[in-house]
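1. with the sequence up front, the predicted model follows.
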Amino acid sequence: MSLQRLLDDQISRLNDLSGLLEDEQALLVAGDIDGRRLNELAADKAGLQQALEDTETLRARVQRQLGYPEGVEGARRAAEDAGCHEGWHAMLDKARHIARLNERNGRLLELRMRHNQQMLDYIHRLADPDVYAADGRTGLQPRRLDARA
């Protein structure tokens, strides 16, 4: 398989992954999250990531067989010599874009999880107000006494 074909396959899969990450972001910012769809997206992302890893393994093997050193510098030189330098840079740009999308979605997910935990803690305090906190007060007791009253 030619290096250009491998790069085209990687770019195509990265485009698909980008679409999944954008769908995931839309779900994470929605008021009511569709958990089933979020799980489907996670499975689809895992499948694409495995396909990308397989393609990258094949690309690295071809690179070695052609006598180029391992690593990014060898990949760059192989792409230049094969006349697919533009495809190599397009793939790298797309991979950086994917990393930004993934990082943003991770932050959104973390924010959602923190919010959910706060809501659960609040509901727990309402349901069982006599549970004492570490400072010896119950969850519903005011923290300060207003001496002005």
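-> Now that the structure is in, tell me what you want to look at.

2. what residues sit buried inside the helix or strand hosting residue 26?
-> Take DSSP states H and E as the rule and residue 26 turns out to sit in helix 3-29. Residues 3, 6-7, 9-11, 13-14, 16-18, 20-21, 23-25, 27-28 are the ones in helix 3-29 that count as buried (16 or more other CB atoms under 10 Å). Glycine gets a C-beta too; all of them are placed from N, C-alpha and C.

3. swap in stretch 60-71?
-> For stretch 60-71, using 16+ other CB under 10 Å, the buried residues are 60, 62, 63, 68.

4. distance of the second one relative to residue 50?
-> By that I understand residue 62. Counting by CB to CB, to the nearest Å, the gap from residue 62 to residue 50 is 19 Å.

5. what helix or strand is the residue sitting nearest the centre point of the chain located in?
-> Nearest to the geometric centre of the chain sits residue 102, at 3.0 Å (CA atoms, centre = their mean). Here residue 102 is covered by helix 85-127, with elements defined by DSSP H and E.

6. what's the angle from that helix to helix 3-29?
-> Calculated by axes from the mean of the first three to the mean of the last three CA atoms, to 10 degrees, helix 85-127 forms an angle of 20 degrees with helix 3-29.

7. can you spell out which helices and strands pack onto helix 85-127?
-> With contacts defined as 3 or more CB pairs under 8 Å, 6 or more residues apart in numbering; DSSP states H and E, the packing partners of helix 85-127 are helix 3-29, helix 72-81.

8. repeat the analysis, applying 10 Å as the threshold.
-> For helix 85-127, the packing partners by 3 or more CB pairs under 10 Å, 6 or more residues apart in numbering; DSSP states H and E come out as helix 3-29, helix 35-65, helix 72-81.
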